[in-house]
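1. Here is the input, now give the coordinates:
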Amino acid sequence: MRTSQIRAIVRGRVQGVYFRASTREEARRLGLSGFARNLPDGSVEVVAGGPEEAVRSLVDYLHRGPTQAQVESVEWEEARGLETPHPFGIR
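-> Residues are numbered from 1 along each chain as shown. Below is the predicted model of the structure:
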């Protein structure tokens, strides 16, 4: 099983709309480690690691988010060596 680690920045209406908590729920459902946190510019940073297929599923989820969110863009990259605490949390 291949593993993957990503760092993503999600922009749009993504703070104050349950985005981090719903991302945590989805990541834990997928068995991923990592975290989601608000950034000062109004975006959300997501760092996740685990089985490659599960990480790709989380990236797909980030493009939708919870129903209250309005995702405008998701920029993500493969990353190595980032801290990915388990279980997936909110910072």
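2. can you give me the strands in the protein?
-> Assigned strands in the chain, in chain order: 3-13, 33-38, 44-51, 70-78, 89-90 (criterion: DSSP state E).
3. Quick check: beta-bridge partners of the residue nearest the centre of the chain?
-> Among the residues of the chain, V46 comes closest to the average C-alpha position under CA atoms, centre = their mean, at 3.6 Å. With DSSP bridges as the criterion, V46 is bridged to A8, A36.
4. Let me know the outermost residue of this structure.
-> Computed with CA atoms, centre = their mean, the residue of the chain farthest from its C-alpha average is M1, at 20.8 Å.
5. Pretty sure that one sits against V55.
-> No. Contact criterion CB atoms under 8 Å: M1 and V55 do not qualify, at 11.6 Å. Placement of C-beta: from N, CA and C, glycine included.
6. any idea how far E72 lies from E26?
-> Relative to E26, E72 is positioned 19 Å away (criterion: CB to CB, to the nearest Å).
7. what about the two, which has more around it?
-> Each of E72 and E26 has its neighbours counted (other CB atoms under 10 Å); E26 has more, 22 against 11.
8. Quickly note the distance from the more buried one to R80.
-> Relative to R80, and taking CB to CB, E26 is found at 22 Å.
9. Repeat that for E53.
-> Using CB to CB, one obtains 18 Å as the distance from E53 to R80.
10. more crowded one of these two?
-> E53 (11 against 7).
11. Assess the claim that R13 and T67 are in contact.
-> No. R13 is beyond contact range of T67, at 11.5 Å (criterion: CB under 8 Å).
12. more crowded one of the two?
-> Between R13 and T67, R13 has the larger neighbour count (other CB under 10 Å), namely 14 against 9.
13. List the contacts of the residue nearest to that one when sequence neighbours are not counted.
-> Nearest residue to R13, sequence neighbours excluded (CB to CB, 6 or more residues apart in numbering): Q70, at 3.9 Å. Residues in contact with Q70 (CB atoms under 8 Å, 6 or more residues apart in numbering) are 12-14.
14. any idea how far G12 is from Q70?
-> From Q70 to G12 the distance is 5 Å (CB to CB).
15. With D41 instead?
-> To G12, D41 is 12 Å away according to CB to CB.
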